[in-house]
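# Take a look and give me a structure for this.
(chains A and B)
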Amino acid sequence: ETGVTQSPTHLIKTRGQQVTLRCSSQSGHNTVSWYQQALGQGPQFIFQYYREEENGRGNFPPRFSGLQFPNYSSELNVNALELDDSALYLCASSPGTGVSTEAFFGQGTRLTVV
Amino acid sequence: GESVGLHLPTLSVQEGDNSIINCAYSNSASDYFIWYKQESGKGPQFIIDIRSNMDKRQGQRVTVLLNKTVKHLSLQIAATQPGDSAVYFCAENMNVQFYFGTGTSLTVIP
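Below you'll find the predicted structure:
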């Protein structure tokens, strides 16, 4: 158990809708990163939040946005859902944002867009 | 962007044998790597990490080797057990993100 919890575990949405996914980081960790994992692929970095600020972003469009709260929990919001957004969304918790900092993943949220 | 590749997409081993999973990375400036294990329907589980100032690190039944000259990582699992069946990813750390390959699926034959 990593102590990183995500909700919900599964979600079905219709194309064009909006979705919010949630993540609680491990105790003592102030950094949360979000990843998208398509079926049969490795996770791809969406963005990272450190002390409530976006601290880095991967190659995802602006309709992917996020928040981090004072307790370091985080949300991932996706607007105008597309069929290709169907994936496992993973949250990773880290004790800091420096290089050589380990990252521990939650169980993920399986999003299906129909 | 960075790429992390794996030499073999699938690997089958007999229970009790040793497993070796290989990974190539592309950026010689990368200085931190993690091996993850992912079981079906679950998130990636941290197995072992290694920093670029090391060439070997051992954990419980696992060893990671790093060859910076050829930009290659390997994960060795001793006495492979059925519970080791999963997809294994190496992840390369650059700036704030990890770059993952597509993974190697390990199947342990009883």
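
# so what's the one residue in chain A that gets nearest to chain B up against?
Distances from chain A to chain B, computed as C-beta to the nearest C-beta, single out A:Gly42 as the nearest residue at 3.1 Å. From N, CA and C alone the C-beta is placed, and that goes for glycine too. Counting by C-beta atoms under 8 Å, 6 or more residues apart in numbering or on different chains, A:Gly42 makes contact with B:4, B:89, B:91, B:100-103.

# I'd guess A:Tyr72 is in a strand, am I close?
No: under the criterion used here (DSSP: H, G, I helix; E, B strand; the rest coil), A:Tyr72 is coil, not part of a strand.

# quick one: the closest residue to it other than its chain neighbours from A:Gly106, how far?
Computed as C-beta to C-beta, 6 or more residues apart in numbering or on different chains, the closest residue to A:Tyr72 that is not its neighbour in sequence is A:Ser25, at 4.8 Å. In this view, A:Ser25 and A:Gly106 are 9 Å apart by C-beta to C-beta, to the nearest Å.

# Please apply the same query to A:Arg57.
From A:Arg57 to A:Gly106 the distance is 20 Å (C-beta to C-beta).

# do the same with A:Thr5
For A:Thr5, the distance to A:Gly106 - C-beta to C-beta - is 6 Å.

# more neighbours, those two?
A:Gly106 (26 against 17; other C-beta atoms under 10 Å in any protein chain shown).

# what does chain A have sitting close to chain B?
A:2, A:4, A:6, A:33, A:40-45, A:48, A:50, A:55-56, A:58-59, A:88, A:90, A:92, A:97, A:99-108 (C-beta under 8 Å from any C-beta of the partner chain).

# and the nearest residue to A:Gly28 once chain neighbours are set aside, how many neighbours does it have?
Spatial nearest neighbour of A:Gly28, chain neighbours left out: A:Pro95 (6.3 Å); criterion: C-beta to C-beta, 6+ apart. Per other C-beta under 10 Å, the neighbour tally for A:Pro95 reads 15.

# Which part of chain B gets nearest to chain A, residue-wise?
B:Phe100 (3.1 Å).

# so where's chain A shaky on pLDDT?
A:1-2, A:99-100 (pLDDT under 70).

# Centroid-nearest residue for it?
A:Trp34 (3.0 Å; C-alpha atoms, centre = their mean).

# Just to check, it is in contact with A:Tyr89?
Yes: shown here, A:Trp34 and A:Tyr89 form a contact pair, counting by C-beta atoms under 8 Å, at 6.7 Å.

# joint contacts of those two?
In contact with both A:Trp34 and A:Tyr89: A:Leu76, using C-beta under 8 Å, 6+ apart.

# hang on, the earlier thing: report the buried members of the residues of chain A next to chain B.
A:2, A:4, A:6, A:33, A:42-45, A:48, A:50, A:55, A:58, A:88, A:90, A:92, A:97, A:102-108 (16 or more other C-beta atoms under 10 Å in any protein chain shown).

# top strand in chain B by residue count?
In chain B, taking DSSP state E as the definition, the longest strand is strand B:86-94.

# Thank you, goodbye.
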